[in-house]
Structures are given as C-alpha cells and as structure tokens.
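> 3D, please:
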Amino acid sequence: MLKKHYILLFTLCLCAFASTRALDNVKVYVNGPGTTAKTRIVYQNATLSKLWSAIDAECSTCHPPSIIQDGVNHASRQFSVQNTGNTSAISLAKISVEAIDPQVVKAFATNSTGSELITIAPNETKNFTINYDCNIDGILLNKSIGWTILKVTLLFDGSSSDNKVEFSYQKICTLDTMSRFDFSLVILLTLGTIVVFLGTRHTQTMFAEQAQSADEVKPIHAVFFIVFASMVLLIFYFLKEYILTVVTGLVCISSVSSCALMIHEILEKIGGTDSILHRKVTLPFLGEVAIGSIISFSIAFAIVLAWLITKNWVLNNIIGVCVVLLVLRVVKLSSMKVAMLLLGLAFLYDIFWVFISKPIFGDSVMAYVATSLDLPLKLEWPHFRNTPSKGNCGMLGLGDLVLPGLFVGYCYRFDKARGTNVFHRAAMGSYALGLAICGFFLVVLQLAQPALLYLVPSNIGIVSFVAWKRDLLREIWVGLPHEDAESMDNQGQLISNDTDKATALGEGEEGHYLSELGNRQNNN
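Residues are numbered from 1 along each chain as shown. Sure thing, here's the model as predicted:
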C-alpha cells in the first residue's frame, strides 16, 4: 500500500515538472515596425515582462506605470511564439482576448494556420495577430474615455490553468474625448512665478547680510555653465544606468544642505536674536552646534529621506523650491550684458538639445533625460484630466526658474539702486507672460515645450524695451558698480558710488555722467 503512494507521488511530481518545463520552453515576443526594430520580450523563462503587466502595474502620483501602449494608428499587433526546447513540440490550444472596457474596442485573435490548435515544433516560431475594432462613434457619442486594457491569455497543452501565459497592455482608440487643457498647468506655472518672485525679492530682504557676499556671474562663468550642462546631459543620456545611484546620492546631499540652510534662516527670523535656537550644545565629533542648526538639519534630512522612499511630488516640490531660493540667494548677475550672454546661450542650449539633437542622436536628448530621471530637479503638479497613463504630472524644470530668476533678481537690485520698481515689475511680468505663452503652445501642440524658448525673448525683450523708453538702456546694460543690499537703500552711498564711477570714466565723459546723475536725482 505504501509503495502505491510513493508511485502516485512520483507520478504527480513528474507531471508538475513536465508542466513547468513546457512553459520554460515558451518564448513570446513582438517585433516593432521596420526591419531594424527592437524585439520586445513578452514572456521568457517562465517570467512575464513588467511592461506587459498593465492590469497589475503599480502607479503613484507623478510616477505613471511603464506599460506597452498601442496607439491610435495601430489596427492590429502581431505576436510570435517560439518553442525554445530541443526535444518535444508544444501545443498552443487557445488564444483569448478580453477588453476591460468592451465598449471601447472589440479585439480578437487570428493566426496563420487557420486552426484553433497551433502545434509548435522544437526551435520553431508561430505567429498570431490581435486585431482591433474600435467603437469610435460610440466613444465620441458618449464622450467616454478612448482607451482600455486588453488581457491576452495563451493556453498551452490542454486546459490546465498551470499551462497558461497571461499578459496585458493598453490600446488607445482615440484621444479626441480627452481635454487638451488641464487646470493643473495653470497651478504649475503660477507656482513657478511665485517661487521666482520670492527668490528674487524676499530672499534679498530676508537674507540681506548673505546677499552682500553673493557670487557674481561673469561671462566666463556663463559659457562654462552651458558647456558643463551639455556635458552632463550627454553623460546622463549614455550612462544613466551606470551613474544613477551615485547621482541620486549627490542630489540628496545637496538637497539636504539646501533645505537645511533655508529652514535655518527662516527659524532665525521667526525666533529672533534671543531665541533658544541660538544656544549651542556639544555633539560628539562636531563640537559646539547651535540648536537651530540641529533642528533645521533634522527637518531637512527627514524631508529628503521621505522623498527618497516615497518619491512624493509634494516633497519633491519642497526640495525644488528650497534649491531655487538658495541659488537665487547666493548667485547674482552683475549686468544685463552678462544676463544676455547667459540666457542667450541657455536659449540655444534648449533649442539644440530638445529639437536639433533628435536627428543626430535618434531621440530628443533633453526630453529623454528629463522624463527618465526621477530626481527633485523639477516642480511637479498632478493632472486633473483623464489620460491613458495614470499618475501623469506636469513638470517645470528648476533651470526654467533659476536662469530667468537671476535676471529678474538683477532687475530688482537695479530698481533698488534707483529707488524705483519698474524694472522688477517688467521682469516679473515678462516672466509670467513667457510661461503663459509656453503653456499655450503646450496645450495647442500637445508636445513638451522648452520653457526658455519663450522665457528668454520675453524677459530680455520687454525689459530692454522699458529701459529704452526711459533712456536707461546703456546703464542697465553695463550694470551698477559696488552693488550691495545695504547701499541700495542709502542715497548718500549711491551718490558716493556714482562719484567713483564718474572718476573711473575720465574727464572726457565726466560732464555727461554728472548730467545723467542730476537727471536721476530729479527723477527720484
């Protein structure tokens, strides 16, 4: 009796092993259009590719799932099934296709053999095709979403559920019912404008002492920055998989530093000079450290660590705002001449890496890097509308805030030196206008737009026009000498600076400059 049990158990094990081996020899893949298209593996070595798991795809806000999508122009998709074994044939008994929303599309499978049972010999490949019949009229009539998930089931060697391969992907029939405009775009562009305003105005008043020692951008710095940015972009494009971990670590370190500095300054302003935050405690290996520094570092570390774990878009924006405010606090432009060079090079940089790089590298380098790097180097806001990929967000790169923000900050300091506010208002208005134009073309073209393409002409053009109308184009072009936060509020110091400038100009131009100074004092 015991022997019979052993025989039965051994037989069951053999059956299970044979079943597993049968699926181990199954390879399902697709080839894209064209003779040089890359092969996409659907199923191999008893493992389903994550790209073909649309039903079970994990998704979070601003992190849409990576799934296969068949676009509007695809009427069918062909799949290949290969028997990778060397000994026995396998039988594909049934192919079934199920649409999660059958009102969007009806899908059915056909194969070249014409019979339902497909026998695949060792090392042989057979093809089958999933055909689509989209109900466009019904979608438009009901104003429903024009896409759905297709679930494909391949049943091998009988009807056992252990011998089936299941995968899913998305079919898009139409995007005509999807709203082109999303109100999240307005929120995102407004957020960017507010951050630039705070960074160029209030950081100059909140951190006046540090603003005096801000580093000035010189022409050589502007050229080096664009060259360095291009090199980094290419490194990311070609070596992203190898350096992503290192870059993420460096970005996290800089993010903690930026957040800690901004939080520390805010706490000091709130607490005042006699606050307990200024008391110092002794820590191992660090010596005496202010309590405010410990608190600010702890908060910043918690924010960055939480972002690293969750990749939450709100935490991403907090880090991004801190980075922008810090850069606008410690870096300043010395003249409109330098601003023109920096923004002009950035303008060409954006055009080249977004548009011209596509025929050279086969892809838009800027778009590829921006969408594939999950780092807090951009502001994000979730879409409100339905889109084929859940979790999509609008993005605004930090460079689109920092570079124009440096110019807006220069206009603010120029205004302070003259006792006016016209140039800062013109710069902020032109920045908001540039973002609005960028958003307009984003909605109309339904393509990602390089914001600097619109921000640079808007900023430079409008501010230059205002300066020309006020006969101050030359002065704002060359910049103001001995510029610091305190002297801008002091007319006597301003006259002293003007006297120095007149002396530096020499006798030939002294009369002209003193006349200009008299006009300035009359205007003030």
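
> the domain parsing of the protein - what is it?
The chain breaks down by automatic domain parsing into domains covering 23-172, 183-489.

> deepest of the ones you listed, which one?
Of all the domains of the chain, domain 183-489 carries the top mean neighbour count, a mean of 18, counting by mean count of other C-beta atoms under 10 Å. The C-beta positions use only the backbone N, C-alpha and C, and glycine is treated the same way.

> Return the distance of that one from the chain's centre.
The chain centre lies 14 Å from the centre of domain 183-489; the measure is C-alpha atoms, centre = their mean, to the nearest Å.

> Let me see the mean pLDDT of that domain.
Mean per-residue pLDDT for domain 183-489: 87.

> which secondary structure elements does the helix or strand harbouring Ile226 contact?
Using DSSP states H and E, Ile226 sits in helix 219-271. In terms of contacts (3 or more C-beta pairs under 8 Å, 6 or more residues apart in numbering; DSSP states H and E), helix 219-271 is packed against helix 291-310, helix 313-330, helix 336-351, helix 365-372.

> Turn these into a markdown table, including distance to Asn86.
Shown next, in a markdown table, are these (distance: least, C-beta to C-beta, whole Å):
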| stretch | distance to Asn86 |
| --- | --- |
| helix 291-310 | 47 |
| helix 313-330 | 51 |
| helix 336-351 | 55 |
| helix 365-372 | 39 |
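
> Can you show me the helices along the stretch 101-250 of the chain?
All helices of the stretch 101-250 of the chain, identified by DSSP state H, counting those that start in this stretch, fall at 136-142, 183-197, 203-206, 208-212, 219-271.

> Tabulate those helices (TSV), appending distance to Leu308.
Formatted as TSV, the helices of the stretch 101-250 of the chain follow (distance: least, C-beta to C-beta, whole Å):
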stretch	distance to Leu308
helix 136-142	41
helix 183-197	22
helix 203-206	26
helix 208-212	28
helix 219-271	6
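
> List of residues touching stretch 100-107?
Stretch 100-107 is touched from outside by 55, 97-99, 130-135, 138-139, 142, 144-151, 171, 173, with contacts defined as C-beta atoms under 8 Å, 6 or more residues apart in numbering.

> give the contact list for the residue positioned nearest the centre of the chain.
The centroid of the chain falls nearest to Ala370 when counting by C-alpha atoms, centre = their mean (4.7 Å). Taking C-beta under 8 Å, 6+ apart, we find Ala370 in contact with 378, 395, 397, 448.

> Filter these down to the ones in strands?
Under the assignment DSSP state E, those contribute 378, 395, 397 to strands.

> The first one and Leu401 touch, don't they?
No. Between Lys378 and Leu401 no contact is recorded; they are 9.5 Å apart, counting by C-beta atoms under 8 Å.

> measure Pro450 to Asp400 for me?
8 Å (C-beta to C-beta, to the nearest Å).

> The helices of the stretch 101-250 of the chain: which one's closest to Ile318?
helix 219-271 (7.3 Å; C-beta to C-beta).

> so what strands line up beside the very next helix or strand once past the closest one?
On the C-terminal side of helix 219-271, the closest following helix or strand by DSSP H and E is strand 280-283. Sheet pairing of strand 280-283 (DSSP bridges) gives strand 287-290 (antiparallel).

> What residues does Pro64 make contact with?
Remark: with contacts taken as C-beta under 8 Å, 6+ apart, Pro64 is in contact with 389-392.

> Quickly name whichever of those residues is closest to Cys252.
Among these, and counting by C-beta to C-beta, the member closest to Cys252 is Gly391, at 22.6 Å.

> Wait, the closest one touches Ala57, no?
No. If you go by C-beta under 8 Å, Gly391 and Ala57 don't touch, sitting 9.8 Å apart.

> Which neighbours do the two have in common?
Pro65.

> Which ones among the contacts of stretch 100-107 map onto strands?
Judged by DSSP E, these include 97-99, 130-134, 147-151, 171 as members of strands.

> In CSV, list those residues along with pLDDT and distance to Lys332.
Listed next are those as CSV, based on pLDDT from 0 to 100; distance: C-beta to C-beta, whole Å:
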residue, pLDDT, distance to Lys332
Val97, 93, 62
Glu98, 93, 61
Ala99, 92, 58
Ile130, 94, 60
Asn131, 94, 62
Tyr132, 95, 58
Asp133, 93, 62
Cys134, 93, 56
Trp147, 92, 49
Thr148, 92, 54
Ile149, 93, 52
Leu150, 94, 56
Lys151, 95, 58
Lys171, 93, 53
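
> Relative to Lys164, which of these is nearest.
Nearest member of the ones in strands among the contacts of stretch 100-107 to Lys164, counting by C-beta to C-beta, is Lys151, at 11.6 Å.

> beta partners of that closest one?
Beta-bridge partners of Lys151, as defined by DSSP bridges: Glu98, Ser168.

> and Asn459, that one's in a helix?
Yes. According to DSSP: H, G, I helix; E, B strand; the rest coil, Asn459 belongs to a helix.

> Quick check: it touching Ala432?
No. The pair Asn459 / Ala432 is not scored as a contact, 10.4 Å apart, by C-beta under 8 Å.

> so what's Ala427 up against?
By C-beta under 8 Å, 6+ apart, the contact set of Ala427 is 200, 407-408, 411-412, 459, 462-463.

> Mind pulling the model confidence for the residue nearest to Leu154 when sequence neighbours are not counted?
Nearest non-adjacent residue to Leu154, counting by C-beta to C-beta, 6 or more residues apart in numbering: Val165, 4.4 Å away. We have a pLDDT of 91 for Val165.

> before we move on, what about the one 4 residues further on?
Model confidence at Tyr169, given as pLDDT, is 94.

> what does the one 4 residues further on give?
Confidence at Cys173, expressed as pLDDT, is 92.

> what do you get for Leu48?
Model confidence at Leu48, given as pLDDT, is 91.

> Can you name the residues bridging to it?
Under the criterion used (DSSP bridges), Leu48 bridges to Tyr43.

> give the contact list for it.
42, 165-167.

> cutoff 10 Å now
28, 41-42, 56, 165-168 (C-beta atoms under 10 Å, 6 or more residues apart in numbering).

> which one of those residues is nearest Val327?
Asp56 (41.4 Å).

> Leu150 versus the residue nearest to the closest one when sequence neighbours are not counted, what's the distance?
Excluding its sequence neighbours, the residue lying closest to Asp56 (C-beta to C-beta, 6+ apart) is Ser168, at 7.9 Å. Using C-beta to C-beta, we find Ser168 at a distance of 6 Å from Leu150.

> rewinding a little: and the gap between the residue nearest to the centre of the chain and Asp363?
In terms of C-beta to C-beta, Ala370 sits 12 Å off from Asp363.

> Now the phi/psi pair for Ser334, please.
phi -90, psi -20 (degrees, to the nearest 10).

> between the helices of the stretch 101-250 of the chain, which one is nearest to Ser66?
helix 219-271 (14.7 Å).

> Just the element for Ser440, please.
Actually, residue 440 is Phe. It isn't Ser. Using DSSP H and E, Phe440 maps to helix 422-445.

> Report the backbone C-alpha coordinates of that helix in PDB.
Extracted in PDB, the C-alpha atoms of helix 422-445 (Å, rounded to 0.1, in the frame of the first residue of the first chain):
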ATOM      1  CA  VAL A 422       9.600  99.500 -12.800                       C
ATOM      2  CA  PHE A 423      12.200  97.100 -14.000                       C
ATOM      3  CA  HIS A 424      11.400  94.300 -11.400                       C
ATOM      4  CA  ARG A 425       7.800  94.600 -12.400                       C
ATOM      5  CA  ALA A 426       8.600  94.400 -16.100                       C
ATOM      6  CA  ALA A 427      10.900  91.400 -15.500                       C
ATOM      7  CA  MET A 428       8.300  89.600 -13.400                       C
ATOM      8  CA  GLY A 429       5.500  90.400 -15.900                       C
ATOM      9  CA  SER A 430       7.600  89.300 -18.800                       C
ATOM     10  CA  TYR A 431       8.500  86.000 -17.000                       C
ATOM     11  CA  ALA A 432       4.800  85.300 -16.300                       C
ATOM     12  CA  LEU A 433       4.000  86.200 -20.000                       C
ATOM     13  CA  GLY A 434       6.700  83.800 -21.200                       C
ATOM     14  CA  LEU A 435       5.300  81.000 -19.100                       C
ATOM     15  CA  ALA A 436       1.800  81.700 -20.300                       C
ATOM     16  CA  ILE A 437       3.000  81.500 -24.000                       C
ATOM     17  CA  CYS A 438       4.800  78.300 -23.300                       C
ATOM     18  CA  GLY A 439       1.700  76.800 -21.700                       C
ATOM     19  CA  PHE A 440      -0.400  77.900 -24.700                       C
ATOM     20  CA  PHE A 441       1.800  76.100 -27.200                       C
ATOM     21  CA  LEU A 442       1.900  73.100 -24.800                       C
ATOM     22  CA  VAL A 443      -1.900  72.800 -25.000                       C
ATOM     23  CA  VAL A 444      -2.100  73.500 -28.700                       C
ATOM     24  CA  LEU A 445       0.700  71.300 -29.900                       C
END
